[in-house]
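Asker: when you get a sec, could you give me coordinates for this:
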Amino acid sequence: MADLDEIRRVYEMLDENGDGVVSVGEVCGFINKLGISISEDDVRSTLNKSLQEDCCSLRFEEFLEFYQSIFNHQDDEEKDESEDLMEAFRVFDENKDGYISCNELQNVLSTMGLIPQGQDTQNCEKMICSFDTDCNGALDFSEFKTMMSSKISP
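Answerer: Got it, this is the predicted structure:
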C-alpha cells in the first residue's frame, strides 16, 4: 500500500477547491475525468461507510480509512486467490514433491473427467512445456500460477 505522504497527495489532488475536505462532487468529477461515468449518488453510496451522517465530504482521516479499506480488501482477495491456487496445486502434485509432472497432470485430468486431455500424453507434455520456464519437465507452483492465469489451448 502507498505511504501516508502519497495518500495525502492523492487527497489534496482530489480537493480541487482547497477547502481541506474532499466532497462527493469532487470525487465524482475526478472519476468522470477518467472517462468513467458515475453519478454523485453512486459515489455517495460507495463512500457511505466513510462519510459522517448528513455529510457530503471526507476529511483526510476519513479518506485515509476509505483508502485503506479498498487496499486491504484487494490484499484479502489476492491472499484468498493465492490460497485457492495452492490448494489446486496440491491436488495435482500427487506425490507432494513440489512439482506437477506430466503423469500427475494426466492422472488428475482423467480423474476430473477430461478424458481426451487426460489420455493424451503429448497433450499433457505440451501443456507443461508451455509454462515450464526452468525446463525441468515439471511445473513448480510459480509456473502453475502462470498456467492457471493463462488461456490454455492444447
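Asker: for the rest of this, base every contact and every neighbour count on C-alpha atoms.
Answerer: Noted.
Asker: flag every buried residue along whatever helix or strand I31 lives in.
Answerer: Here I31 sits within helix 24-33, counting by DSSP states H and E. By 16 or more other C-alpha atoms under 10 Å, the buried positions in helix 24-33 come out as V24, G25, E26, V27, C28, G29, F30, I31.
Asker: after the helix or strand bottoming out on mean pLDDT in the chain, next one along is what?
Answerer: Within the chain, no helix or strand scores below helix 115-119, which has a mean of 56 by mean pLDDT, DSSP states H and E. Downstream of helix 115-119, the first helix or strand assigned by DSSP H and E is helix 121-131.
Asker: may I see the buried residues of the strand or helix carrying S45?
Answerer: Under the criterion of DSSP H and E, S45 resides in helix 40-47. Residues of helix 40-47 classed as buried: E40, V43, R44, L47 (neighbour count, 16+ other C-alpha under 10 Å).
Asker: can you check stretch 81-90 too?
Answerer: L85, M86, F89, R90.
Asker: ok, residues contacting it?
Answerer: Outside stretch 81-90, the residues that touch it by C-alpha atoms under 8 Å, 6 or more residues apart in numbering are K96, I100, F141, F144, K145.
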